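Novice: please work out how this folds:
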Amino acid sequence: MYRVLIADDEEIERLSFSRKLKKYFGESCEVFHAENGMQAILAVDKNDTPIVIMDIGMPGMNGVEAAEWIRKSHPDCVIIFLTAYDDFSYAKRAVSLHALEYLLKPCDDEELIPVMEEAMRQVDLCRRKAESPAGGAGFARSGLAAAGGGGRGREGGRDGEGGRDGEGIRGTDAGTSRDAKDDPDQEPENGYSRVAAAIRAYVRENYSRDISMPDAARAMT
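Specialist: Residues are numbered from 1 along each chain as shown. Below you'll find the model as predicted:
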């Protein structure tokens, strides 16, 4: 079972994402809702949700500020930013918070579902590390930070707890070995990882500049 928090001030957005998760993952997902940053912090503390889909533009405490608080108390939480703001400064903050992804609204299923599968894979790995003799403190280092993400829709699957009786998950790269899946620092050698590496280099080189997401996209072409 994967507990997922959807934090968005628009109810229609929360319900839409909740339906998508139920459609693709069924009873393996338990979904919680929050309509602002403070509610999101309280919901994570109360329900111990290891995956958070966080809108940035919320009234009061915004999603980035809430994510900073969540990261302090729940360092292994997998955070996915979802926003209508095409602003490179938000992407830079997402990198600093070790967010798994930064997705722009409107986000379709082909973008969201592979990211969710990767989030679930990271949760599985974290649980296995926690159950191992060495423990699993400080596991989560996500796609935007460790793999340099910002690209939409990472390839990935989940195995172990919460799997569908051994059936392959939608979006899983059949050519990726089990060893590669079980190593959070080893990226599959596909187009996504190459784009992620290029974006990571671009972010590092231009971190202090006032540039936009289209600037970053043009630099990748």
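
Novice: any low-confidence regions in the chain?
Specialist: Scanning the chain for pLDDT under 70 picks out the ranges 86-88, 134-204, 206-221.

Novice: can you give me the strands in the protein?
Specialist: For the chain, the strands defined by DSSP state E occupy 2-7, 29-34, 51-55, 78-83, 101-104.

Novice: got these as a markdown table, with mean neighbour count and distance to residue 114 columns?
Specialist: The way it works is simple: take the backbone N, C-alpha and C, and place the C-beta from them, glycine included. Converted to a markdown table, those look like this (neighbours: other C-beta atoms under 10 Å; distance: least, C-beta to C-beta, whole Å):
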| stretch | mean neighbour count | distance to residue 114 |
| --- | --- | --- |
| strand 2-7 | 24 | 15 |
| strand 29-34 | 19 | 15 |
| strand 51-55 | 27 | 14 |
| strand 78-83 | 26 | 11 |
| strand 101-104 | 22 | 9 |
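
Novice: can I get these in CSV with distance to residue 116?
Specialist: Formatted as CSV, the entries for the strands of the chain read as follows, by distance: least, C-beta to C-beta, whole Å:
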stretch, distance to residue 116
strand 2-7, 8
strand 29-34, 8
strand 51-55, 8
strand 78-83, 8
strand 101-104, 10
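
Novice: quick one, which of these is nearest to residue 21?
Specialist: Closest of those to residue 21 is strand 29-34, at 4.8 Å (criterion: C-beta to C-beta).

Novice: got the angle between the closest one and strand 2-7?
Specialist: Comparing the axes of strand 29-34 and strand 2-7 via axes from the mean of the first three to the mean of the last three C-alpha atoms, to 10 degrees yields an angle of 20 degrees.

Novice: tell me the angle strand 29-34 makes with strand 51-55.
Specialist: Here strand 29-34 runs at an angle of 40 degrees relative to strand 51-55 (the same axes, to 10 degrees).

Novice: determine the set of other helices and strands touching strand 29-34.
Specialist: Applying 3 or more C-beta pairs under 8 Å, 6 or more residues apart in numbering; DSSP states H and E, one finds that strand 29-34 contacts strand 2-7, helix 11-25, helix 37-47.

Novice: deepest of these, which one?
Specialist: With neighbours defined as mean count of other C-beta atoms under 10 Å, the helices and strands packed on strand 29-34 peak in mean count at strand 2-7, which reaches a mean of 24.

Novice: so what touches that one?
Specialist: 13-14, 17-18, 21, 25, 28-37, 39-40, 43-44, 47-55, 58, 63, 66, 116, 120, 123, 162 (C-beta atoms under 8 Å, 6 or more residues apart in numbering).

Novice: please repeat the previous calculation with a cut-off of 7 Å.
Specialist: Around strand 2-7, the neighbours that count as contacts under C-beta atoms under 7 Å, 6 or more residues apart in numbering are 14, 17-18, 21, 28-34, 40, 43-44, 47-55, 63, 66, 120, 123, 162.

Novice: go on, stretch 34-41?
Specialist: Applying C-beta under 7 Å, 6+ apart, the set of residues contacting stretch 34-41 from outside is 5, 7, 9, 43, 52, 54, 58-63, 65-66, 69-70.
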